[in-house]
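[1] Any chance you can model this:
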Amino acid sequence: MKKKITTIKVGPVRYQIRPHPISQDEDCTGRCHPARAIIEVDSRLPEDVYRQVLMHEICHAISFDRSLRLSEKNTDGLANAVIQVMRDNPALVKFILK
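    Numbers count the residues shown, from 1 in each chain. The predicted structure follows:
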């Protein structure tokens, strides 16, 4: 897997991205801890799944920052949609980043 991102800024908060194995006893592959500014993602995931889980946890951080109170289902749907739009429209991503 390519070098993973280690920090991300959401609103005024810089989150640490911590890839590490998450117990298989837990029913999750990632976690967002807004009070500690930490996002955890299971490091054993395949790269494409890791990216999706990371975006899902980033959407949780955005939801917390903007007081959106998104449900788990809405967070998952938003994360999947953002990834798909970015993949389908690389020129748009370049345009936005200018």
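[2] Which of the residues in stretch 59-75 are classified as buried?
    The neighbour-count check on stretch 59-75 (16 or more other CB atoms under 10 Å) flags 59-64, 70, 75 as buried. For the C-beta atoms, the positions are set from N, CA and C on the backbone; glycine is no exception.
[3] Let's test this: mean pLDDT of it, rounded?
    Stretch 59-75 carries an average pLDDT of 97.
[4] biggest strand in this structure, by residue count?
    Among the segments of the chain that qualify as a strand by DSSP state E, the longest is strand 13-20.
[5] List the buried residues for that one?
    Of the residues in strand 13-20, 15, 17, 19 count as buried by neighbour count, 16+ other CB under 10 Å.
[6] and if you look at stretch 19-37?
    Quick answer for stretch 19-37 (16+ other CB under 10 Å): 19, 22, 29-33, 37.
[7] Inside strands: which ones of these?
    Using DSSP E, the buried residues of stretch 19-37 in strands are 19, 30-33.
[8] How about the contacts made by residue 32?
    By CB atoms under 8 Å, 6 or more residues apart in numbering, the contact set of residue 32 is 15, 38-40, 57-58, 60-61, 64.
[9] likewise residue 43?
    19-21, 50.
[10] How about it: what's its closest non-neighbour residue?
    residue 19 (3.9 Å; CB to CB, 6 or more residues apart in numbering).
[11] what sits against that neighbour?
    So residue 19 contacts 4, 40-43, 50 (CB under 8 Å, 6+ apart).
[12] Just the CA coordinates for the host helix or strand of residue 93, please, in CSV.
    Element membership for residue 93 (DSSP states H and E) is helix 90-97. In CSV, the C-alpha atoms belonging to helix 90-97 read as follows (Å, rounded to 0.1, in the frame of the first residue of the first chain):
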residue,chain,number,x,y,z
PRO,A,90,-10.6,13.7,-11.6
ALA,A,91,-10.6,17.0,-13.5
LEU,A,92,-13.2,18.4,-11.0
VAL,A,93,-10.8,17.5,-8.1
LYS,A,94,-8.0,19.3,-9.8
PHE,A,95,-10.2,22.3,-10.5
ILE,A,96,-11.4,22.5,-6.9
LEU,A,97,-7.8,22.3,-5.6
